[in-house]
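Colleague: Return atomic coordinates for the entry below.
(one chain, ligands or ions: 2)
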Amino acid sequence: TDDLIVVKNLKKYFPIRAGLLKKIVSHVQAVENINFTIRKGETLGLVGESGCGKSTTGRTILRLLEKTEGEVYYKGQDIYDLSKHEMIQLRREMQIIFQDPYSSLNPRMPVSDIVGEALEQHGIAKGKQKIERVKELVETCGLAPYHIRRYPHEFSGGQRQRIGIARALALNPDFIVCDEPVSALDVSIQSQILNLLMDLQQERQLTYLFISHDLSVVKHISDRIGVMYLGNLVELADKDDLYEQPLHPYTQALLSAIPLADPRKKINRILLKGDIPSPSNPPRGCRFHTRCPYAMNECKIEVPEFKEAKEKHFVACHLV
Ligand code: SF4
Ligand code: MG
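Modeller: Ligands and ions are numbered 1, 2, ... in the order given. Okay, here's the model as predicted:
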């Protein structure tokens, strides 16, 4: 098949410990039964408010965090069946770009080491050869090669993110989780970095999971988009389909809150009541029912199934 990533019933809980004996008293249900696929060469956007489990999903797919339950297939192989050593090998193919390039770049390392570290660790290049590779990589990411002697603090936020991208590309990966890569940047810089990511995708046949709380950012870069709420994937569809015909009330609310590019289009504003409940004690039934303007009795009891409502358009809602 064309699926690079297949995620089945993925669940990630974090224990909450208390008392002298640090006994587990409850769990943060960060990711609850998520299912999706990512096709080779596409960008799947993952959107939702902060704390909804997007980053946890991304990290669990890379096995930077261990799952609680479920399966994650990469090129047909369940990565949770791999040994530690095999997983280190696979790391070459699966990379991550972080939100805050400043805190993710070692301040005591020059760019040549930050970007070149993995080349050396994996025995790909060292010494002069490594430096040449690093120069190529930073140039590919829009930085002049002479920058490689410099340290992270000498760069602007946008430049630092270019370094973060160069580092992610060093091992020639197939799949990259982009976790809010432009959220810390000025709007004018955001589009430069997004364009860079899209150019690199074309040139290198990359597949992205692109995580953002910003709907206009995911719209720009994604082929398909998944919407998360409180650990659940509530909707998944082709980008245009999702923006034009959102089926889930939460997606409708998110979309109605952003300014429209086309002011002739009329959209009903949906205002959500209340706050996001705690993921350590999520509502029963549909996790969105405490805030949903259409909630019915059934919603408080039955978990809505995530199902294909229209062709390639998945949603978890009793109304649909
Ligand atoms: Fe709203 Fe019910 Fe649909 Fe949940 S299942 S989104 S509460 S209508
Ligand atoms: Mg996050």
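Colleague: distance of the residue nearest the centre of the chain from Val218?
Modeller: For the chain, the residue lying nearest the average C-alpha position, counting by Cα atoms, centre = their mean, turns out to be Ile211 (3.1 Å). Going from Ile211 to Val218 by Cβ to Cβ, to the nearest Å gives 8 Å. Every C-beta, even on glycine, is put in place using the N, C-alpha and C of the backbone.
Colleague: Which neighbours do the two have in common?
Modeller: Shared contacts of Ile211 and Val218 (Cβ atoms under 8 Å, 6 or more residues apart in numbering): 45-47.
Colleague: contacting residues around the helix or strand where Glu120 lies?
Modeller: Assigned by DSSP states H and E, Glu120 falls within helix 111-121. When contacts are taken as Cβ under 8 Å, 6+ apart, the neighbours of helix 111-121 outside the stretch itself are 105-106, 109, 124-126, 130-131, 133-134, 137-138, 143, 147-152, 163, 166-167, 170-171.
Colleague: which among these end up buried?
Modeller: Buried members of the contacts of helix 111-121, counted by 16 or more other Cβ atoms under 10 Å: 105, 124-125, 130-131, 133-134, 137-138, 143, 147-148, 152, 163, 166-167, 170-171.
Colleague: Could you give me the buried positions within the helix holding Glu120?
Modeller: For helix 111-121, the neighbour count (16+ other Cβ under 10 Å) marks 111-112, 114-119 as buried.
Colleague: List, out of those residues, those positioned next to ligand 1.
Modeller: Restricting the buried residues of helix 111-121 to those adjacent to ligand 1 (criterion: Cβ under 6 Å from any ligand atom) removes every one of them.
Colleague: thought Gly58 was touching Tyr208?
Modeller: No. If you go by Cβ atoms under 8 Å, Gly58 and Tyr208 don't touch, sitting 10.5 Å apart.
Colleague: what about Val217, how many neighbours?
Modeller: The number of residues packed near Val217 is 22, by other Cβ atoms under 10 Å.
Colleague: From Pro282, how far out is it?
Modeller: Distance from Val217 to Pro282, counting by Cβ to Cβ: 27 Å.
Colleague: for Ala18, same thing?
Modeller: Distance from Ala18 to Pro282, by Cβ to Cβ: 19 Å.
Colleague: The two: who's more crowded?
Modeller: When Ala18 and Pro282 are compared on other Cβ under 10 Å, the one with more neighbours turns out to be Pro282, at 19 against 10.
Colleague: quick one: the more buried one from Leu171, how far?
Modeller: Relative to Leu171, Pro282 is positioned 38 Å away (criterion: Cβ to Cβ).
Colleague: Once you drop chain neighbours, what's closest to the closest residue to ligand 1 within the stretch 51-200 of the chain?
Modeller: Residue nearest to ligand 1 within the stretch 51-200 of the chain (Cβ to the nearest ligand atom): Cys52, separated by 14.4 Å. Closest residue to Cys52 apart from its sequence neighbours, by Cβ to Cβ, 6 or more residues apart in numbering: Met228 at 4.4 Å.
Colleague: Share the number of residues neighbouring that neighbour, please.
Modeller: The criterion is other Cβ under 10 Å. On that basis, Met228 has 25 neighbouring residues.
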